[in-house]
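J.: what's the 3D shape of this:
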Amino acid sequence: MNRPGDDGTADRPRRGRLTVYLGAAPGVGKTYAMLDEAHRRQARGTDVVVGLVEAHGRAATAAQLDGLEVLPRRVLTYRGSEFTELDLDAVLARAPQVAMIDELAHTNVPGTAHAKRWQDVQDILAAGIDVVTTVNVQHLESLNDDVESITGVKQRETVPDHVVRDADQIQLVDLAPEALRRRLAHGNVYRAEQIDASLTQYFRVGNLTALRELALLWLADRVDDALTSYRRDHRIESSWPARERVVVAVTGGPESDTLLRRGARIAQRAAGSELLAVHVLATDGLPSAAPARIAEQRILVESLGGSFHTVVGEDVPTAIVDFSRGVNATMIVVGVSRRSRWREALRESNGTEIARLADTIDLHLVTHERARAGSRRPGRSSGLSGRRQVVGWVIAILGPVLLTVVLSDLRDVISLPTQLMLFLAATVLVALVGGLWPAIVSAVVGFILLNWFFTIPTGQLTISEPENALALTVFVLVAVGVASVVDLAARRTTEAFRARAEASALAAVSRSVLSADDTAAAVVARLRETFTLEAVSLLTKHGSGWDVLAKDGIRPALDPEDAQVVLTVDDERVLALTGRVLPASDRRVLEAFASQVGVVLEQERLRAQAEQARILGQAEATRTALLAAVSHDLRTPLATIRASVDGLTSTDLDLDEADRAALVRTLEESTARLERLIDNLLDLSRLQTGSVRPVMRATSLDEIVPFAIEGYLPGAVMLDVPDDLPLVHTDPGLLERVVANLVSNAVRHARTGSPVVVNAAVVGGDVVVRVVDDGPGVPDEVKAHMFEAFQRLGDTTGAGLGLGLAVADGLSTAVGADLSVEDTPGGGLTMLVSVPLAEQGA
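T.: The predicted structure follows:
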C-alpha cells in the first residue's frame, strides 16, 4: 500500500491564481492599474516582480515601474533583427509570489518555449506563482469576428476565451469613449504623428462605444456563470433576477407563435436579456404535438435570437416552473387557457397553477385567438379490430343468456355468490374480446338475468335481501371497472405500437435528412411503402396546372383533386396520396415526410447552386488567367521580339556580328516561346470544346520523340530511345505535343547544367516514355493538382501560363495514352507516358 505522498502530490505546488485586467480598447489604463496593484501588494509585504511590461512610450506608465523589481528580458534575433520577450526561465528561477506580465494575447518571436504569451503564463501558474496580466476585449477569440466587423481591423493576436474565463479574478478597466479620445488627443496613448489617424479611424466614438458594450456583455456572461455556480453550490432554488431571462411555454399549438413573438418583444426591452422557449413532454413518451409544428417553432425561436429546450415532466406547470428556476428566469410567458370555463371550474388552468408555483418569478399571461374557445377532445377509439368488436357484441348478448340456461339447471347446487363470479368472468371475457361498451352491456344484461332468475324473489326485478342487492351492485361496478381497465390496456397497447412505428419512421426520415443522400423520388417511394398506399406523387404548380416532380406506384394522381390525401410541402408543391384515406392519427408522420421532402428539394436546389457556382468559378478563373496571359505572358515575348527587331533594323546603332547574333538568338527564342504559348492556348481550347480528333495509326517513336526535343541547346536534353522498340498505336502529331510539353517543363525546372533525360522501354503491353529531371520535385500533396490548367506550382520565372501539363494530360487521354508522375531517385521529377503497342491498339 502506498503511503500518503508516495505519488508525489504532497510536494506538488499549488496552482497560482490568475488576475486579468480587461479593457475595451488600448489606452484605457490596464497596465497602469496592474502596476498600481503591484505597488499595493508590495506595500503589504508580498514578493512582487515585473516579468514584462510594455510602456509604449507612456510616461505615466513608465513611472509606475519605479520601486518595483523588473526582471531582464530575453533577447532573440529573428530575420536579422533583435527582439525582446518575456524570460520564462528567469521568472521560474526567481519564483516570486506574484508576477506582473503585460499583454496576455501577445505572439512570441520564434525561438521561445511557446508560440503565445498566455502559454508562458500557464507554465508560471503551474509553478505556483500568481500572475496579474492585461488583455483587450478585441483579442478574445470568440469576439474576433465581431471586432473586425465593427472596426474593420482583423486582430492577428488572440487568446482563447477559456484562458480568461477561467481566471480567478477579472477586473474591468472601463473608460468612457469621450474620455479615452481626450486622453488620446493629449498624447497619453500614442505618439503625436499617430493621433489624428487614430481619432478618425479605430478610435471613433461609435467604435469605442461598441467595444465597450462587447466588454461589458462578455464580462456579464462570466459573472452570470459565477452566479449560477454559486446558486448551484449553495443549493439556492429561488430565482435571483440578476438579468432579464424570459421563458416562453410552448405547446406546439398555433397560439405558441404569438407567445414567442410577445416574449421576444419583452426580452428586447432590456439589453443582454435572454429568450428561452420550453416544451414539456409527457412522461409516457407519447408526443403531445405534431413534430413538424415543434420543429417550426424551434426555427422561429432561433430566428428571434432565443434557444429552444425540451423537458420531460408528469405535471406541466411544475416542469415549467422547475425549468425556469434552473435557468434563473425573471418572467414566464404563457397563453390564456384554451379550456372552456366549465372545465376550468373542475380543474385550474396551467397559467393559474404556474402563478401559484412561481413564487418570485413574474408571470405574463397572453391572450390569443383560441383563448377560452375550448379544446375538442379526440374521439375515443377502442384500439380493437372491427372483427373482435363484432364478436364481443355477440358474446355480450348471447353469453349471459347461455350462462343463465346452464345455471338454471344447477340452481340447487350453485349459490348466488358463485353465480355472480361466473357472470363476472363472462363480463371480463367480453371485455377482453370486444372492449368497453360490449362489456358494459354484458354487465347490465347479467345484472338483469341474475336479478330475475337467481335472486329471491325470482321472476321479479326486486330484491328482498339487502345483502343480495349489495352483491349485485358490486358485480356491476366491478364488471364495468374491469372492462374499463381492459379497454384502456388495449388502447394503450395500440398507441404504443403506433408510437413505435412512428418513431421508426421518423428515425428513418431523420437519418436520410442527415445523410443528405435522399432524392425526392426516394422520399416519395418511402412514403408509399410506409403507409401501403397505391401511389404517391410530388406535384408543383405550373401556371394553372400541375407538373409531376416525382411519383411512385400505379396510377399516381396528376392533380391534387384526384388524391384522397393532400399534404402541403410549401407554397408551390404538394404531396398527393391515393389508395385510401389515412386517419388523422397518421398526420404527424405525414407532416414529417412532407418536411423531409421540403428539405430534400432545398438540398437539391443548394447543390445545383453550388455546382453552378463552381462552374462559374472555374470560368472566372480561366478568364482571369487568360487576361493575365494576354497582359503579361503573351506581351513579354512580343515586347522582346519588338525590341530585337528594332535593334536589328535601327540605323542609329552600330552593331557588330556578335551583337547581331545575340539579337537574332533572342528573337528566335522569343518567337519559339510565343509559339508554344499560343499552341498551348489553342490546344486547351480544343480540349475543352471536345474538338480534338486524333488520327490513330501504328507508328514508331523514332518519328515522334526526336522532333519533340528540337530547339534546345546542346546538352540540355539527352535522348535514350532504342531503335528496336515496337510500333505504338497513337496520333504522332498529338503525342509529339505531349512529349514536347513534358520536356519543356522538365528543362525549365532542371538544375543548371544538368540535362533532362528522355528514354523509352517496353513495359507489359505499353511503351513507356520517361522524361526525367533532377530539379526540386513536387510535394505529394501537390501532385494531384499538377495537371490542372494555370497551375505553376511555385514557378515564378514567368516562362509560361501553367498550361503545359494540362495540355499534355488532355492530349494523352485523347490518343489513348496514360500520363503519370513519380519522384526521380535522388531528387527531381519523372513524367511517364504509357502508349499502347500497335498490336494492343489494333
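
J.: need the strands for the stretch 201-350 of the chain, in chain order.
T.: Applying DSSP state E, counting those that start in this stretch to the stretch 201-350 of the chain gives strands spanning 245-249, 274-281, 307-312, 331-335.

J.: packing partners for the second one?
T.: It stands for strand 274-281. In terms of contacts (3 or more CB pairs under 8 Å, 6 or more residues apart in numbering; DSSP states H and E), strand 274-281 is packed against strand 245-249, helix 255-268, helix 291-303, strand 307-312, helix 316-326. Just so you know, the C-beta spots here come from the backbone N, C-alpha and C atoms, and that holds for glycine as well.

J.: each with direction, which strands does the fourth one pair with?
T.: Using DSSP bridges, the neighbouring strands of strand 307-312 in the sheet come out as strand 274-281 (parallel).

J.: just the CA trace of the strand it pairs with, in PDB.
T.: Output in PDB follows, covering the C-alpha atoms of strand 274-281 (Å, rounded to 0.1, in the frame of the first residue of the first chain):
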ATOM      1  CA  GLU A 274     -32.300  36.100 -23.000                       C
ATOM      2  CA  LEU A 275     -35.300  34.400 -24.600                       C
ATOM      3  CA  LEU A 276     -35.800  30.700 -23.800                       C
ATOM      4  CA  ALA A 277     -38.700  28.500 -25.100                       C
ATOM      5  CA  VAL A 278     -39.600  25.300 -23.300                       C
ATOM      6  CA  HIS A 279     -41.800  22.500 -24.400                       C
ATOM      7  CA  VAL A 280     -42.900  19.800 -21.900                       C
ATOM      8  CA  LEU A 281     -43.100  16.200 -23.000                       C
END
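
J.: quick check, distance from stretch 254-266 to the centre of its chain.
T.: 27 Å (CA atoms, centre = their mean, to the nearest Å).

J.: okay, buried residues for that stretch please.
T.: Glu255, Ser256, Thr258, Leu259, Leu260, Arg262, Gly263, Ala264, Ile266 (16 or more other CB atoms under 10 Å).

J.: need those in JSON lines with distance to Thr671, can you?
T.: Shown next, in JSON lines, are these (distance: CB to CB, whole Å):
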{"residue": "Glu255", "distance to Thr671": "82"}
{"residue": "Ser256", "distance to Thr671": "78"}
{"residue": "Thr258", "distance to Thr671": "79"}
{"residue": "Leu259", "distance to Thr671": "80"}
{"residue": "Leu260", "distance to Thr671": "74"}
{"residue": "Arg262", "distance to Thr671": "79"}
{"residue": "Gly263", "distance to Thr671": "77"}
{"residue": "Ala264", "distance to Thr671": "72"}
{"residue": "Ile266", "distance to Thr671": "79"}
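
J.: now, which of these sits nearest Gln201?
T.: Set against Gln201, the nearest of the buried residues of stretch 254-266 by CB to CB is Ala264 (35.8 Å).

J.: any low-confidence regions in the stretch 51-200 of the chain?
T.: Low-confidence segments of the stretch 51-200 of the chain, defined by pLDDT under 70, span residues 192-194, 196-197.

J.: just the strands in it please.
T.: For the stretch 51-200 of the chain, applying DSSP E, counting those that start in this stretch gives strands covering 69-70, 74-78, 81-85, 98-101, 130-136, 169-173.

J.: to Thr493, which of those lies closest?
T.: Thr493 lies closest to strand 169-173 among the strands of the stretch 51-200 of the chain, at 58.5 Å (CB to CB).

J.: mind listing what's buried in the closest one?
T.: Buried, per 16+ other CB under 10 Å, within strand 169-173: Ile170, Gln171, Leu172, Val173.

J.: among the strands of the stretch 201-350 of the chain, which is nearest Pro836?
T.: Distance to Pro836, taken as CB to CB, is lowest for strand 307-312 among the strands of the stretch 201-350 of the chain, at 63.4 Å.

J.: so the closest one versus helix 316-326, what angle?
T.: Counting by axes from the mean of the first three to the mean of the last three CA atoms, to 10 degrees, strand 307-312 points 130 degrees away from the direction of helix 316-326.

J.: buried residues in strand 307-312?
T.: Using 16+ other CB under 10 Å as the test for burial, strand 307-312 gives Phe308, His309.

J.: and the buried residues of strand 169-173, which two are the farthest apart?
T.: Of all pairs drawn from the buried residues of strand 169-173, the greatest distance, 10.4 Å, lies between Ile170 and Val173 (CB to CB).

J.: got any residues that touch both of the two?
T.: Common contacts of Ile170 and Val173 (CB atoms under 8 Å, 6 or more residues apart in numbering): Leu22.

J.: ok, Glu85 touching Val109?
T.: Yes - under the criterion of CB atoms under 8 Å, Glu85 makes contact with Val109 at 5.7 Å.

J.: overlap in contacts, the two.
T.: Taking CB under 8 Å, 6+ apart as the criterion, Glu85 and Val109 both touch Leu76.

J.: show me which of the buried residues of stretch 254-266 is closest to Asn207.
T.: Distances from Asn207 to these, taken by CB to CB, are shortest for Ala264, at 28.4 Å.

J.: list the contacts of the nearest residue to the closest one once chain neighbours are set aside.
T.: Nearest non-adjacent residue to Ala264, counting by CB to CB, 6 or more residues apart in numbering: Leu304, 4.2 Å away. Residues in contact with Leu304 (CB under 8 Å, 6+ apart) are Leu260, Arg261, Ala264, Leu275.

J.: same list, those, but as JSON lines with distance to Leu477 please.
T.: Formatted as JSON lines, those follow (distance: CB to CB, whole Å):
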{"residue": "Leu260", "distance to Leu477": "48"}
{"residue": "Arg261", "distance to Leu477": "51"}
{"residue": "Ala264", "distance to Leu477": "53"}
{"residue": "Leu275", "distance to Leu477": "52"}
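
J.: closest to Val482 out of these?
T.: Ranked by distance to Val482 (CB to CB), those are led by Leu260 at 46.1 Å.

J.: can you read off the pLDDT for the closest one?
T.: Note on Leu260: pLDDT of 90.

J.: from Gly711, how far off is it?
T.: Remark: distance between Leu260 and Gly711 (CB to CB, to the nearest Å) = 76 Å.

J.: picking that back up, what's the closest of the buried residues of stretch 254-266 to Thr330?
T.: Distances from Thr330 to the buried residues of stretch 254-266, taken by CB to CB, are shortest for Ile266, at 9.8 Å.

J.: wait, that closest one touches Met331, no?
T.: Yes - with contact defined as CB under 8 Å, Ile266 reaches Met331; the gap is 6.7 Å.

J.: which residues are common contacts for the two?
T.: Shared contacts of Ile266 and Met331, defined by CB under 8 Å, 6+ apart, comprise Val246, His364.

J.: looking at the strands of the stretch 201-350 of the chain, which has the lowest confidence?
T.: Here the strands of the stretch 201-350 of the chain differ in mean pLDDT, and the lowest is strand 307-312 at a mean of 82.

J.: list the contacts of that one.
T.: Residues outside strand 307-312 that contact it (CB under 8 Å, 6+ apart): 274-283, 297-298, 301-302, 319, 322-323.

J.: of those, grab the buried ones for PyMOL.
T.: When burial is assessed using 16+ other CB under 10 Å, the buried subset of the contacts of strand 307-312 is captured in PyMOL by this command:
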select buried, resi 274+275+276+277+278+279+280+281+297+298+301+319+323
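
J.: for Leu677, report the pLDDT, please.
T.: Note on Leu677: pLDDT of 67.
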